[in-house]
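Q: I'll drop the sequence and a predicted model, then ask my questions.
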Amino acid sequence: MAMEAEAAPLGEAIGAFRSESPPWARALPCRLDVAPATASRPEVVLAVNGIDPRTGVDCIGSTAAALTTQTVLTAYPGDEIDLVLSVGTAGGWSRLGADIGDVYMAWDRFVSHDRRIDIPGFDAFARGDLPAADLRHHAAALGCRTGIVTTGDSLDESPDDQERIRASGAEVKEMEAAAVAWVAHLHGVPVGAVKAITDLVDSPVSTSEQFTANLAAAAQSLRETTLALLDRLGADS
């Protein structure tokens with residue numbers, strides 16, 4: 001998870017406690033909390049991007065997400081991690097039927113919309129097209145929507161972004177998931193995403209205003225949905 005405000009309700013609900021970072025990671029802002037397995041739920045490592053020491057704000061975006069993912073998958077190597085979930089807030093589009101408060105699970109892939117490298121081969125690398133874990137039956141059971149998740153490092157949507165997003169068929173726009181997916185796939189670990197809609201990209205109201213107004217409610221939606229998903233994953237194991 002990228003933001004403390006997103007992670008705190010979930011961490012409290014699962015009883016996560018601070019895990020000491022390995023020595024090589026102690027200079028990094030990311031934080032690893034651990035919640036032990038219960039009768040209905042698998043053990044959870046809650047990895048949060050942390051606070052930027054220079055500016056004092058949450059480390060949002062793809063660079064921090066990649067760093068956090070590498071940290072957790074190195075601290076818990078081998079077959080200890082069965083699934084990585086990118087959990088957080090996102091934007092949607094009213095033209096695609098999204099509403100504030102909707103929760104999506106990623107399917108069938110993660111893409112990037114602001115990495116423009118128009119050279120054969122590099123264009124595919126920039127786009128990503130990384131497969132998402134098939135959580136569709138869980139999404140249906142929990143009343144979640146599904147859609148392609150697209151990642152960029154800007155909160156708003158430029159005209160170039162809009163063109164590329166429409167071409168990809170993405171329904172969820174956020175700032176971390178494709179980076180998480182890239183690192184996790186390097187480790188051979190499947191990746192899913194749970195994203196709560198805080199803003200409608202095609203609304204006349206600014207993205208920043210919508211995000212600020214809806215963040216707290218979205219964090220609670222993420223908490224409820226992720227808890228229910230963890231219980232279902234525990235039942236499957």
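A: That came in fine, so what should we check first? Numbering: from 1, shown residues only.

Q: Just give me the longest helix of this protein.
A: Counting residues, the longest helix in the chain under DSSP state H turns out to be helix 207-236.

Q: so what's Glu174 scoring on pLDDT?
A: For Glu174, the pLDDT comes out at 98.

Q: pretty sure it contacts Gly88?
A: Yes. Using C-beta atoms under 8 Å, Glu174 is in contact with Gly88, at 6.4 Å. For glycine as for every other residue, the C-beta is placed from the backbone atoms N, C-alpha and C.

Q: Give me the more crowded residue out of those two.
A: Taking neighbours as other C-beta atoms under 10 Å, Glu174 and Gly88 compare with Glu174 leading, 30 against 26.

Q: would you say Arg109 is within a strand?
A: Yes. The assignment for Arg109 (DSSP: H, G, I helix; E, B strand; the rest coil) places it in a strand.

Q: All the helices of this structure, residue numbers only.
A: For the chain, the helices defined by DSSP H cover 4-14, 62-75, 122-127, 136-142, 159-168, 177-186, 207-236.

Q: Quickly list what the most centrally placed residue in the chain is bridged to.
A: Note on the chain: the residue nearest the mean C-alpha position is Ser86, at 2.8 Å, using C-alpha atoms, centre = their mean. On the basis of DSSP bridges, Ser86 is bridged to Ala193.

Q: for the one 4 residues further on, same thing?
A: In this structure, Ala90 has the following beta-bridge partners (DSSP bridges): Ile197.

Q: Go ahead and confirm it touches Val194.
A: No. Ala90 is not in contact with Val194 according to C-beta under 8 Å; the separation is 9.7 Å.
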